[in-house]
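Undergrad: sequence-free structure coming up:
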């Protein structure tokens, strides 16, 4: 028996003030000097008359766990949605604010803005139909090229995932209320030389969809821990053996955004809304991960210097003390479509496994959901070396634990 779905969506600017240090590159210590394009929190609220859930996609490098907790509290209080049914994800742009160097005022405002996006979506509910589809767009490559000691160079022979999965939410007249687009690729086209605030290629892709279809398109970055844009080498975009700078970086971000946006548009326009059971179900599961015991000396020295004001202080203290970290996975299902959120920068192999083994017809996997725990490499990467396994704080079994927890949640939701 079908349940009548209702949904609402909203988009709220969350751009920090000019001067904030940008995230993603330790050697980029200058503050931002301008805004190239605004950052947004995009929210979708969907309910079946009994259960209600919310998904928020934020143009940020990641969303710290403590900030997510505050958002969930605000949403419970002001929007009447259980915190356990609220998923907050980051698009992973490296041209947004660095929380470790952000003052408290901005973080307080950001919390209220993200929660406010959910509130705005929740007061604008309408009867809807949903559907999903799949396409393919090559915007990224595996970046662990074994010919380079630190990797971070395109490796076309490596494992990658170019699948684009899209979910469509339309009102009874067929007008788009919201769309969710999911594919894995680091949002690092702009690189370390850029000092302008930007949503990188996901921002261009979502603008294309919004300008064409209306509604609120939102991006969920897939498991892209080892996936970079096609022309990215290290911290730079390199085309025809030349490091791209300035406006050329935004042209490349727009090009990749247009590829993703164009394929997403095709998929969305071909979707026929589902006619099966469309109940809304949401679950989250907390569990522990072991921290690595073989912490590299350079990382150890860095962790010892981090003070209590930094957003990841507690996380880093756990590493120094050898204590497990507590994190979570979360899944939201609407009919035969599931959105599953995993923490950290997870290698693409784990995302592929979750999608392959999911009991749902369509599964959208979002990394950097509800927590930031750093890289989650496959065990083989620890043996190979390179950037990600050197920078990670978790042990080699973290990816398997996250994958199993996600699949268990999906199974529970399918059977509920």
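TA: Structure received. Since we're looking at a predicted model, the values are computed, not measured. Numbers count the residues shown, from 1 in each chain.

Undergrad: check what pLDDT residue 357 gets.
TA: pLDDT for residue 357: 98.

Undergrad: pLDDT score for the nearest residue to it once chain neighbours are set aside?
TA: Distance criterion Cβ to Cβ, 6 or more residues apart in numbering; nearest residue to residue 357, sequence neighbours excluded, is residue 407 at 5.5 Å. Yep, even glycine has a C-beta here, placed from its N, CA and C like the rest. If you check residue 407, the pLDDT there is 98.

Undergrad: thought residue 407 was touching residue 355?
TA: No: using Cβ atoms under 8 Å, residue 407 is not in contact with residue 355; the gap is 10.3 Å.

Undergrad: give me the element the residue nearest to residue 357 is part of.
TA: For residue 407, the host element (DSSP states H and E) is helix 398-415.

Undergrad: ok, residue 184 - contacts?
TA: 140, 161, 221, 222, 223, 224, 227, 348, 351, 367 (Cβ atoms under 8 Å, 6 or more residues apart in numbering).

Undergrad: same list (these) but as JSON lines, adding neighbour count and secondary structure.
TA: Rendered in JSON lines, the data for these read as follows (neighbours: other Cβ atoms under 10 Å; DSSP: H, G, I helix; E, B strand; the rest coil):
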{"residue": "140", "neighbour count": "27", "secondary structure": "strand"}
{"residue": "161", "neighbour count": "21", "secondary structure": "coil"}
{"residue": "221", "neighbour count": "26", "secondary structure": "strand"}
{"residue": "222", "neighbour count": "27", "secondary structure": "coil"}
{"residue": "223", "neighbour count": "29", "secondary structure": "coil"}
{"residue": "224", "neighbour count": "26", "secondary structure": "coil"}
{"residue": "227", "neighbour count": "29", "secondary structure": "strand"}
{"residue": "348", "neighbour count": "24", "secondary structure": "helix"}
{"residue": "351", "neighbour count": "28", "secondary structure": "helix"}
{"residue": "367", "neighbour count": "27", "secondary structure": "coil"}
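
Undergrad: between the residues you listed, which sits nearest residue 309?
TA: Distance ranking of the contacts of residue 184 against residue 309, using Cβ to Cβ, places residue 367 first at 26.4 Å.

Undergrad: isn't that closest one up against residue 227?
TA: No: the pair residue 367 / residue 227 is not scored as a contact, 10.2 Å apart, by Cβ under 8 Å.

Undergrad: related to what we said a few turns ago, contacts for the helix holding residue 407?
TA: Contacts of helix 398-415 (Cβ under 8 Å, 6+ apart): 281-285, 287, 289-290, 327, 329-331, 333, 338, 340, 342-344, 346-347, 349-350, 353-354, 357-360, 363, 365, 373, 376-379, 392.

Undergrad: for residue 27, see how far away the spatially closest residue to residue 59 that is not a sequence neighbour is.
TA: Of all residues beyond its chain neighbours, the one nearest residue 59 is residue 39 (3.8 Å), with distances taken as Cβ to Cβ, 6+ apart. To residue 27, residue 39 is 22 Å away according to Cβ to Cβ, to the nearest Å.

Undergrad: got any ranges where the stretch 201-350 of the chain has weak pLDDT?
TA: For the stretch 201-350 of the chain, residues meeting the criterion pLDDT under 70 lie at 274-277, 308, 311.

Undergrad: on that earlier part again, and the residue nearest to residue 357, how many residues sit next to it?
TA: Using other Cβ atoms under 10 Å, residue 407 is surrounded by 20 other residues.

Undergrad: against residue 182, how distant is it?
TA: 17 Å.

Undergrad: cool, residue 391 as well?
TA: 25 Å.

Undergrad: how about residue 52?
TA: 22 Å.

Undergrad: neighbour count winner among those two?
TA: Taking neighbours as other Cβ under 10 Å, residue 52 and residue 182 compare with residue 182 leading, 25 against 21.

Undergrad: can you tell me the closest non-neighbouring residue to the more buried one?
TA: In space, residue 182 comes closest to residue 364 once its chain neighbours are excluded; the distance is 4.0 Å by Cβ to Cβ, 6+ apart.

Undergrad: report the beta-bridge partners for residue 333.
TA: Counting by DSSP bridges, residue 333 is bridged to residue 281, residue 338.

Undergrad: rewinding a little: from the contacts of residue 184, which single one is nearest residue 59?
TA: Nearest member of the contacts of residue 184 to residue 59, counting by Cβ to Cβ, is residue 221, at 10.8 Å.

Undergrad: first-to-last residue distance for stretch 318-335?
TA: 39 Å (Cα to Cα, to the nearest Å).

Undergrad: next one: stretch 17-25
TA: 19 Å.

Undergrad: can I assume residue 281 is in contact with residue 330?
TA: No: using Cβ under 8 Å, residue 281 is not in contact with residue 330, being 11.6 Å away.

Undergrad: tally of neighbours for residue 112?
TA: So residue 112, with other Cβ under 10 Å, has 16 neighbours.

Undergrad: before we move on, what about residue 101?
TA: Using other Cβ under 10 Å, residue 101 has 15 other residues around it.

Undergrad: measure it to residue 326 for me?
TA: For residue 101, the distance to residue 326 equals 25 Å [Cβ to Cβ].

Undergrad: residue 335 now?
TA: Separation of residue 335 from residue 326 (Cβ to Cβ): 31 Å.

Undergrad: before we move on, what about residue 372?
TA: To residue 326, residue 372 is 13 Å away according to Cβ to Cβ.

Undergrad: those two: which is more packed in?
TA: Higher neighbour count among residue 372 and residue 326: residue 372, with 23 against 13, using other Cβ under 10 Å.

Undergrad: these two touch, right, that one and residue 64?
TA: Yes: at 5.6 Å, residue 372 counts as touching residue 64 under the criterion of Cβ under 8 Å.

Undergrad: identify the contacts common to those two.
TA: By Cβ under 8 Å, 6+ apart, residue 372 and residue 64 have these common neighbours: residue 312.

Undergrad: who's in contact with stretch 232-246?
TA: By Cβ under 8 Å, 6+ apart, the list of residues contacting stretch 232-246 from outside reads 25, 27, 143, 150, 152-154, 186, 188-193, 229, 231, 248-249, 252.

Undergrad: now do the end-to-end distance for it.
TA: 15 Å.

Undergrad: again, but for stretch 19-36
TA: 13 Å.

Undergrad: strands of the stretch 251-400 of the chain, start to end?
TA: With DSSP state E, counting those that start in this stretch as the criterion, the stretch 251-400 of the chain has strands at 280-289, 325-334, 337-341, 345-346, 362-366, 375-376.
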